[in-house]
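Asker: Need the 3D shape of this:
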Amino acid sequence: MKNACKFAAVLGMGLLLASPGFAQAPAGQTAPAPVPSPVAAVPADQQPSQEQLTKLFELLRVRENLASVSKILPAQMQQQIAAQAKEMQKDHPGRPHLTEEQQQAVTKITNKFMARVINLYSADEMIADMAALYQKHLSSSDVDDLIGFYSSPAGQHLLAGRSS
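Answerer: Sure, this is the predicted structure:
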């Protein structure tokens with residue numbers, strides 16, 4: 001569950017940071033110069049192939065993990081909203097409680113919102129973006145080494161422990 005929260009936080013921050021105008025300087029001020037990335041991109045002739053990345057992502061069960069998070073996230077959001085409502089009620093005891101009908105309306109709206117959020121950035125888009133990042137920052141031999149490790153009993157054991 002913590003991974004789903006981390007995923008949601010990272011996704012939310014990524015969307016916020018990518019939104020137009022977020023990092024713009026106030027009127028009359030100039031924006032600071034961009035900081036160069038400390039990691040150099042891998043030369044094109046050393047980048048992993050799409051086939052290598054597909055194999056690695058299959059070993060890492062990327063698509064299955066994304067699907068799992070997409071299923072867990074709405075329930076976690078409902079739990080967080082319920083916990084926040086309880087906390088607000090505790091902090092403001094004189095405030096009227098939500099009726100059952102109002103609670104159902106909140107649940108319905110939250111589910112609708114979460115369905116939209118999850119569909120904003122599809123698994124295919126995430127995997128394509130991951131592939132682009134992996135190609136930029138990992139060499140073909142790096143990916144071969146990762147494939148070798150995650151194909152080994154130790155790598156499979158690590159993956160099995162992570163997903164349980």
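
Asker: make it CA atoms for all contacts and neighbour counts henceforth
Answerer: Fine.

Asker: Helix, strand or coil: sort out the residue of the chain positioned farthest from its centre for me.
Answerer: Distance from the C-alpha centroid of the chain peaks at G94, with 38.4 Å (CA atoms, centre = their mean). What DSSP: H, G, I helix; E, B strand; the rest coil gives for G94 is coil.

Asker: Show me the shaky parts of the protein.
Answerer: Confidence mapping of the chain against pLDDT under 70 gives the ranges 1-40, 162-164.

Asker: Which parts of it are helices?
Answerer: For the chain, applying DSSP state H gives helices covering 2-18, 50-59, 62-91, 100-120, 123-137, 140-151, 153-163.

Asker: Hmm, F149 is touching G155, no?
Answerer: Yes: shown here, F149 and G155 form a contact pair, counting by CA atoms under 8 Å, at 5.3 Å.

Asker: So for the two, which residue has more residues nearby?
Answerer: Set F149 next to G155 and count neighbours by other CA atoms under 10 Å: G155 wins out with 17 against 14.

Asker: Report the separation between V143 and Q103.
Answerer: Between V143 and Q103 the computed distance is 49 Å (CA to CA, to the nearest Å).
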